[in-house]
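Enquirer: Show me the folded form of this:
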Amino acid sequence: MPDFEEIYSLYSPQIFRVCMGYVNDHDQAKDLTQETFIAVWRNLSSFRNESKISTWIFRIATNNCLRAIEKNKRVTKVELPFNLPAVHEETQEEKLAFLYNCIAELEEMDRIIISLVLEDLPQAEIATIIGLSAGNIRVKIHRIKEKLAIKFKDHGQFE
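Expert: Sure, this is the predicted structure:
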């Protein structure tokens, strides 16, 4: 089994992006990534190799993100309107920010699933992490992509 430093180096960028997909907040995503790897470090010795280590880590991250989302729901927030600049030549960062904003508008489970898809996880592994059948995941991914495509078309991304 790889040591903690190898695991952290290998998976922390992916976990950060998954967390970012859930919460759409850079600082909170960093915190959730840190919490995930604290849990990995604490529990690494008890990992039983019943699944791939990546599946185990993504499951920890998913649970942390779901708890954070639940906690955030209990706090009253005032949402600022999100206005995109009316510029045709968007930078890659602006496109990525738009993608994360579109993902943030999805339902919780859809955010989880698409965040894992964006990390190129196999559908079977996503099914294991989420706890749904592979067939169900395949259908959900298709529907999520359709929802995102509509948002992108509305923004003029696919003219």
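
Enquirer: what separates the helix or strand of the chain with the lowest mean pLDDT from the chain centre, distance-wise?
Expert: In the chain, no helix or strand scores lower on mean pLDDT, DSSP states H and E than helix 92-104, which sits at a mean of 82. On the basis of C-alpha atoms, centre = their mean, to the nearest Å, helix 92-104 sits 13 Å off its chain's mean C-alpha point.

Enquirer: likewise stretch 59-72?
Expert: The answer for stretch 59-72 is 10 Å, by C-alpha atoms, centre = their mean.

Enquirer: outside of that stretch, which residues touch it?
Expert: Stretch 59-72 is contacted from outside by 15, 18-19, 22-23, 28, 32-33, 35-36, 39-40, 108, 112, 116, 128-130, using C-beta atoms under 8 Å, 6 or more residues apart in numbering. Bear in mind the C-beta positions are built from the backbone N, C-alpha and C, glycine included.

Enquirer: for the least confident helix or strand of the chain, packing partners?
Expert: helix 4-23, helix 108-118, helix 134-154 (3 or more C-beta pairs under 8 Å, 6 or more residues apart in numbering; DSSP states H and E).

Enquirer: Next, format those as TSV and append distance to residue 65 and mean pLDDT.
Expert: What follows is those, written out as TSV (distance: least, C-beta to C-beta, whole Å; pLDDT from 0 to 100):
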stretch	distance to residue 65	mean pLDDT
helix 4-23	4	91
helix 108-118	7	88
helix 134-154	16	88
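
Enquirer: Alpha carbons only: can I get stretch 130-144 in PDB?
Expert: Provided in PDB are the C-alpha atoms of stretch 130-144 (Å, rounded to 0.1, in the frame of the first residue of the first chain):
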ATOM      1  CA  ILE A 130     -22.700   6.800  -4.600                       C
ATOM      2  CA  GLY A 131     -24.300   3.600  -3.700                       C
ATOM      3  CA  LEU A 132     -26.400   3.300  -6.900                       C
ATOM      4  CA  SER A 133     -26.400   0.700  -9.700                       C
ATOM      5  CA  ALA A 134     -24.100   1.200 -12.700                       C
ATOM      6  CA  GLY A 135     -27.200   1.400 -15.000                       C
ATOM      7  CA  ASN A 136     -28.800   4.100 -12.800                       C
ATOM      8  CA  ILE A 137     -25.500   6.100 -12.800                       C
ATOM      9  CA  ARG A 138     -25.300   5.900 -16.600                       C
ATOM     10  CA  VAL A 139     -28.900   7.300 -16.900                       C
ATOM     11  CA  LYS A 140     -28.200  10.000 -14.400                       C
ATOM     12  CA  ILE A 141     -24.900  11.100 -16.100                       C
ATOM     13  CA  HIS A 142     -26.800  11.400 -19.400                       C
ATOM     14  CA  ARG A 143     -29.500  13.500 -17.900                       C
ATOM     15  CA  ILE A 144     -27.000  15.700 -16.000                       C
END
